[in-house]
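Undergrad: Quick one, what's the 3D model for this:
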Amino acid sequence: MKKERIFYIDLIRVICMVLIVIYHFPLSFYMGGRDVLHGTANGSWGDPVVYVFFMISGAALFSTYGRKRDFRIGDYYKKRIMSIYPLFYIAYVLGFMYVFWQRGSTYDIPAWSIIWTVIGFDGYLNSIVPTFTTVGEWFLGALIIIYALFPPLLYLVRKKQASYQEEALDFGKGTADTGSISGMKKAFKVCQDSNTSENAFEVADTGAKKPSENSENLEVIDKKKGLLALLVLLLGALYVFMFHPIKAIRTTADPVVDMFFFLLGGVLSDNAGSILGKHRFKLLIASLAGLLIWVFIALPLPSGELAGFSSELIKAMAAVLIFIFLMTASKELGKPAPVRGVVRLLAPYAYGVFLIHHFVMTVICQHFNGDLLSGRDRLVLLLLCLMGVAFFTAVIYRLKAFLEGLIKSCMEGD
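TA: Predicted structure coming up:
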């Protein structure tokens, strides 16, 4: 059965993808004295968007695997490996060959360092050891770490299977009380088949009572365990914000910080029924107000040792506001069919865009002298970069499909 995609997750994924591409555009564009392509009144908006992407990953994995009756760790890791490495290798070979052609030689780096590329950590470790990094950068390594840690995290915070099945029956009974047999079947389907998860408010289409009214019955994360794990990771993230213990790794790449946002995304997704139900409008207004303050009003920050901590804390809060705002606004944003169509079209390509966009934009922009470009020229160049990223993303996915088909044919002896 083909997996149905969760719209609000895809919506946030696509918006983050576009924002990150724009953020990595190497030229500034000033409006009102501020570089709107890179900053807000309270600093960069790049890091918060990255945190939101980690939250999306948590929401997606907990939604997909949290409700599986028989979570097979081997199958999970196999699927993650096949979804990450083949596309990365294709993009890397193309990028590496271009750099070789431009330089006329390979990097003056020990050959053994290629191992960091093989495992996808060349960008992540680039500030620590010499690597052959071209695409993916630090983000790929951070993503691999949180994917690797997901199974033990799920084991720690997941509800006991028996308890979850009882709650599934309770939810089915609740839908049956509304007189909707199809709604009851849908409820059981949501609980038993991870491939049929969708937005909480879309179950109402079956005629069943909305899960927003029974949201606690659809949760897969044990409240106490989830909150305890979230608290531990929060304290760890605050420690990193304050002391930055691993100096060679940027804060956004720290595994403790990334795992905090990953689990937070899972918890918010687990409570989607409540968030998208009776509390949706209040959360929508509150998160929008917070974002407007963050973008337009410079908040007073302490000086000295607390300055960096306060800045990181504001970024973290902004990430949560972005996620909640887009999550709660997804119902309205998704009403127009063209919007849903565009989101469905672009969302599956987000990983490829994250892999290559920075490299492609750097190659394009190096042919221009930014100091000589007008504001209009810079916007045209940004459009050219977006087109270039879209084109080469399509290329690597087509190459991946071609190579997979070729390998399959060879193995079958055709």
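
Undergrad: what residues are up against residue 362?
TA: residue 26 (CB atoms under 8 Å, 6 or more residues apart in numbering). Yep, even glycine has a C-beta here, placed from its N, CA and C like the rest.

Undergrad: Mind pulling up the pLDDT for it?
TA: Looking at residue 362, its pLDDT is 94.

Undergrad: and if you look at residue 179?
TA: Looking at residue 179, the pLDDT reads 43.

Undergrad: Low-confidence stretches in this structure?
TA: 1-4, 161-219, 413-414 (pLDDT under 70).

Undergrad: Domain ranges for it, per the record?
TA: For the chain, the structural domains run 7-157+221-412, 161-218, going by automatic domain parsing.

Undergrad: All the helices of the stretch 151-300 of the chain, in order from the start?
TA: Secondary structure of the stretch 151-300 of the chain (DSSP state H, counting those that start in this stretch): helices located at 161-176, 181-192, 223-243, 255-270, 272-275, 280-296.

Undergrad: That should have said the stretch 301-414 of the chain, apologies.
TA: Under DSSP H, counting those that start in this stretch, the stretch 301-414 of the chain gives helices at 305-333, 337-346, 350-365, 375-412.

Undergrad: These: which one's closest to residue 140?
TA: helix 350-365 (7.1 Å; CB to CB).

Undergrad: Name all residues that make contact with residue 298.
TA: 41-42.

Undergrad: For the closest residue to residue 130 other than its chain neighbours, give its distance to residue 119.
TA: Once flanking residues are discounted, residue 130 sits nearest to residue 109: 4.5 Å by CB to CB, 6 or more residues apart in numbering. The gap separating residue 109 from residue 119 is 16 Å, by CB to CB, to the nearest Å.

Undergrad: Same question for residue 141.
TA: 9 Å.

Undergrad: Would you agree residue 400 is in contact with residue 89?
TA: No - using CB atoms under 8 Å as the test, residue 400 is too far from residue 89 to be in contact (9.3 Å).

Undergrad: Quick check, residue 88 in contact with residue 119.
TA: No - assessed by CB under 8 Å, residue 88 is found out of contact with residue 119, at 10.3 Å.

Undergrad: out of those two, which sits in the more crowded spot?
TA: Taking neighbours as other CB atoms under 10 Å, residue 88 and residue 119 compare with residue 88 leading, 22 against 12.

Undergrad: For the more buried one, give me its contacts.
TA: By CB under 8 Å, 6+ apart, the neighbours of residue 88 are 120, 135-136, 140, 355.

Undergrad: Most neighbours among those residues, please name it.
TA: residue 136 (28 neighbours).

Undergrad: so what's the backbone phi/psi at it?
TA: Main-chain dihedrals, residue 136, degrees, to the nearest 10: phi 90, psi -40.

Undergrad: Quick check: it vs residue 142, distance?
TA: Residue 136 is 10 Å from residue 142, by CB to CB.

Undergrad: Tell me which residues of the helix or strand residue 75 falls within come out buried.
TA: Per DSSP states H and E: residue 75 is located in helix 73-103. Buried residues in helix 73-103, counted by 16 or more other CB atoms under 10 Å: 76, 80, 84-92, 94-96, 99.

Undergrad: Toward the C-terminus, what is the element adjacent to it?
TA: Next element after helix 73-103 (DSSP H and E): helix 114-118.

Undergrad: Quick check: closest non-adjacent residue to residue 37.
TA: residue 29 (4.9 Å).

Undergrad: Do I have it right that the one you found meets residue 36?
TA: Yes - at 6.1 Å, residue 29 and residue 36 qualify as touching, with contact defined as CB under 8 Å.

Undergrad: Just want the angle from the helix or strand where residue 14 lies to helix 305-333.
TA: In the assignment (DSSP H and E), residue 14 maps to helix 7-23. If you take axes from the mean of the first three to the mean of the last three CA atoms, to 10 degrees, helix 7-23 sits at 130 degrees to helix 305-333.

Undergrad: so helix 7-23 versus helix 375-412, what angle?
TA: Using the same axes, to 10 degrees: helix 7-23 against helix 375-412 is 120 degrees.

Undergrad: right, and the helix or strand after helix 7-23?
TA: Following helix 7-23 in sequence, per DSSP H and E, is strand 30-31.

Undergrad: what sits up against that following strand?
TA: Taking CB under 8 Å, 6+ apart as the rule, strand 30-31 contacts 36, 375.

Undergrad: same check, this time on stretch 332-351
TA: 5, 7-8, 10-11, 13-14, 16-17, 83-84, 87, 326, 393-394, 397.

Undergrad: Using PyMOL, define a selection of the buried residues within those.
TA: Here is the PyMOL command that picks out the buried ones among the contacts of stretch 332-351, judged by 16+ other CB under 10 Å:
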select buried, resi 5+7+8+10+11+13+14+16+17+84+87+326+393+397
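
Undergrad: Closest one to residue 271 out of the contacts of stretch 332-351, please.
TA: Nearest member of the contacts of stretch 332-351 to residue 271, counting by CB to CB, is residue 8, at 12.8 Å.

Undergrad: mind listing what that closest one touches?
TA: 199, 272, 276, 326-327, 330, 334.

Undergrad: If you rank these by neighbours, which is first?
TA: residue 327 (27 neighbours).
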